[in-house]
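>>> would you be able to build a 3D model of this:
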Amino acid sequence: MVNPTRGVLYPARLPQFHRLPPPSAVTELVEWFWIPEWDIEPGRSSRQEIVAYPALNLVVDTDAVTLSGATTRASHRDLRGNGWAVGALLRPAAVAALIDDPASLVDGERVLDDAGVTELRDAVTFAMGSGEGRRERAVEAFAHWLEGRASSAGEPARQANAVMDVLMGDGAALTPEEAATRLAVSVRTLQRMTHRHVGLSPAAMIRRRRLQEAAHRLRENPAVDLASIAAELGYADHAHLTRDFQAVLGIAPRTYRSQASS
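Numbers count the residues shown, from 1 in each chain. All right, here's what the predicted structure looks like:
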């Protein structure tokens, strides 16, 4: 399981937050489930800033079921009052069952409202209101629904999971060319696969992973040298890392390091 704060820019500001592994029946469909819960005093809010994974998320809360696209920039949500959400970080094999054109959702989201989705919301809402073990029961209900919805995912969709593993997993490729070589496909084929199942280019996915990792290292080890991080993550130099960090996150690495560790 990936570090539960990876992708969260300021973990100290989090409400209760849990990442749960997917049940075995949906490991090809879901990377992990995530559940925030919050209870914020009246008149106040909690801003959660995220550099999200380059993937789609299916999210259930008390009001709606929302499909959120991959993002190209840092994002935030302001939490108020009390509430919860249960989200699934989707693997490519699940995407085709939910949307025909994930590129149309990049940096956006869509409320789903068909009858089957209403059943999902009702089942998860019931589980989250049932006391001890509610998170695990909510994940089981979510997984059961998703297994039925995406059971028809074809072999091309499942092959796209291998692309995600090469671009985002342990020992991930540093360039699209390296990823294509590992997968024994052309760069053009790799581009078509990520566009079809994520909505982003391979280069954009690699960029997002590198920025997540850079933020994580800066936060966990304030003394680490920027040049060392840049070299390990495949940047030409620390100036290249700084430009990328500033362009996507809107803040310089050194400034982020001082804020995240304060």
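
>>> identify the residues contacting residue 158.
28, 93 (C-beta atoms under 8 Å, 6 or more residues apart in numbering). Every residue, glycine included, has its C-beta placed from N, CA and C.

>>> could you list the low-confidence segments of the protein?
1-8, 10-15, 152-154, 261-262 (pLDDT under 70).

>>> all strands of it, in order?
16-20, 30-39, 46-50, 57-61, 65-68, 75-79, 82-90, 109-112 (DSSP state E).

>>> which other residues reach the fourth one?
By that I understand strand 57-61. Strand 57-61 is contacted from outside by 65-68, 83-90, 94, 98, 120-121, 124-125, 142, 146, using C-beta under 8 Å, 6+ apart.

>>> among the strands of the chain, which is nearest residue 179?
Across the strands of the chain, residue 179 has its closest neighbour in strand 30-39 (17.6 Å, C-beta to C-beta).

>>> list the buried residues of the closest one.
30, 31, 32, 33, 34, 35, 36, 37, 38 (16 or more other C-beta atoms under 10 Å).

>>> can you put the residues you listed in CSV and add distance to residue 157?
Output for the buried residues of strand 30-39, formatted as CSV (distance: C-beta to C-beta, whole Å):
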residue, distance to residue 157
30, 14
31, 15
32, 19
33, 20
34, 22
35, 26
36, 28
37, 32
38, 34
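
>>> name the nearest of those residues relative to residue 198.
Closest to residue 198 out of these is residue 31 (12.1 Å), distances taken as C-beta to C-beta.

>>> quickly list what the closest residue to the closest one other than its chain neighbours is bridged to.
Distances taken as C-beta to C-beta, 6 or more residues apart in numbering put residue 89 closest to residue 31, at 4.3 Å, once the chain neighbours are dropped. Beta-bridge partners for residue 89, by DSSP bridges, are residue 32, residue 57.

>>> hang on, isn't residue 89 packed against residue 30?
Yes. Judged on C-beta atoms under 8 Å, residue 89 makes contact with residue 30 at a distance of 6.6 Å.

>>> can you tell me how far the residue nearest to the spatial centre of the chain sits from residue 255?
Geometric centre of the chain, nearest residue: residue 53, 3.3 Å, by C-alpha atoms, centre = their mean. Distance, residue 53 to residue 255, by C-beta to C-beta, to the nearest Å: 24 Å.

>>> residue 97: neighbour count?
For residue 97, the count of nearby residues is 16 (other C-beta atoms under 10 Å).

>>> what sits against the residue nearest to it when sequence neighbours are not counted?
Distance criterion C-beta to C-beta, 6+ apart; nearest residue to residue 97, sequence neighbours excluded, is residue 150 at 3.9 Å. Going by C-beta under 8 Å, 6+ apart, residue 150 touches 29, 93, 94, 96, 97, 98.

>>> now do residue 61: how many residues are near it, please.
Neighbourhood size, residue 61 [other C-beta under 10 Å]: 17.
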